[in-house]
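Q: could you work out the structure for the sequence below:
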Amino acid sequence: MGLASVLYTFYPPMIANAFFYIGVVLVVVGSWVWVALMSVNLAAWKRENRSKPVPLAMFATVAGAYL
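A: Below you'll find the predicted structure:
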C-alpha cells in the first residue's frame, strides 16, 4: 500500500496502528512481571536457605532480569 512501517522503531512521524503500541506496552509490562516474580522467588529461596550461597544459575538469571 506504500505506507511507512514503524518496525521496531518509535520515530514520531511514523504513526503505527494503535494495536502495535498496545502490544509493545504488554510486552514491556509482561517483562516487569517476570522480573518481579524472579525477585520474589529469589527472596523466598534465600529465606529458606540462609546458610547456603545462591546457586549460580539463579543468580545469573535474576541479575540478567535486572539488567
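
Q: please count neighbours and contacts with C-alpha atoms only from this point.
A: Fine.

Q: by contact count, what packs against the host helix or strand of A63?
A: A63 is part of helix 56-66, with elements assigned from DSSP states H and E. Applying 3 or more C-alpha pairs under 8 Å, 6 or more residues apart in numbering; DSSP states H and E, we find helix 56-66 packed against helix 18-48.

Q: check which residues of the helix it packs on are buried.
A: In terms of neighbour count (16 or more other C-alpha atoms under 10 Å), helix 18-48 has its buried residues at V35, M38, S39, L42.

Q: so what's the third one up against?
A: I take that to be S39. V62 (C-alpha atoms under 8 Å, 6 or more residues apart in numbering).

Q: returning to what we had before: farthest-apart pair in the buried residues of helix 18-48, please.
A: Spatially, the most separated pair among the buried residues of helix 18-48 is V35 and L42, at 10.6 Å (C-alpha to C-alpha).

Q: any shared contact partners between those two?
A: Common neighbours of V35 and L42, using C-alpha under 8 Å, 6+ apart, are V62.

Q: as TSV, the buried residues of helix 18-48 with pLDDT and distance to K52 would be great.
A: Compiled in TSV, those are given as follows (pLDDT from 0 to 100; distance: C-alpha to C-alpha, whole Å):
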residue	pLDDT	distance to K52
V35	94	23
M38	93	18
S39	93	17
L42	93	13
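
Q: how far off helix 18-48 does the helix holding A63 point, in degrees?
A: Relative orientation of helix 56-66 and helix 18-48, computed by axes from the mean of the first three to the mean of the last three C-alpha atoms, to 10 degrees: 140 degrees.

Q: tabulate the CA atom coordinates of helix 56-66 in CSV.
A: Listed in CSV are the C-alpha atoms of helix 56-66, where the atom choice follows Å, rounded to 0.1, in the frame of the first residue of the first chain:
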residue,chain,number,x,y,z
LEU,A,56,24.9,-19.6,40.1
ALA,A,57,22.1,-20.2,37.6
MET,A,58,19.6,-18.5,39.8
PHE,A,59,21.9,-15.6,40.5
ALA,A,60,22.7,-15.1,36.8
THR,A,61,19.0,-15.3,35.8
VAL,A,62,18.0,-12.7,38.3
ALA,A,63,20.9,-10.5,37.5
GLY,A,64,20.1,-10.7,33.8
ALA,A,65,16.5,-9.9,34.6
TYR,A,66,17.5,-6.7,36.5
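
Q: sounds good, over and out.
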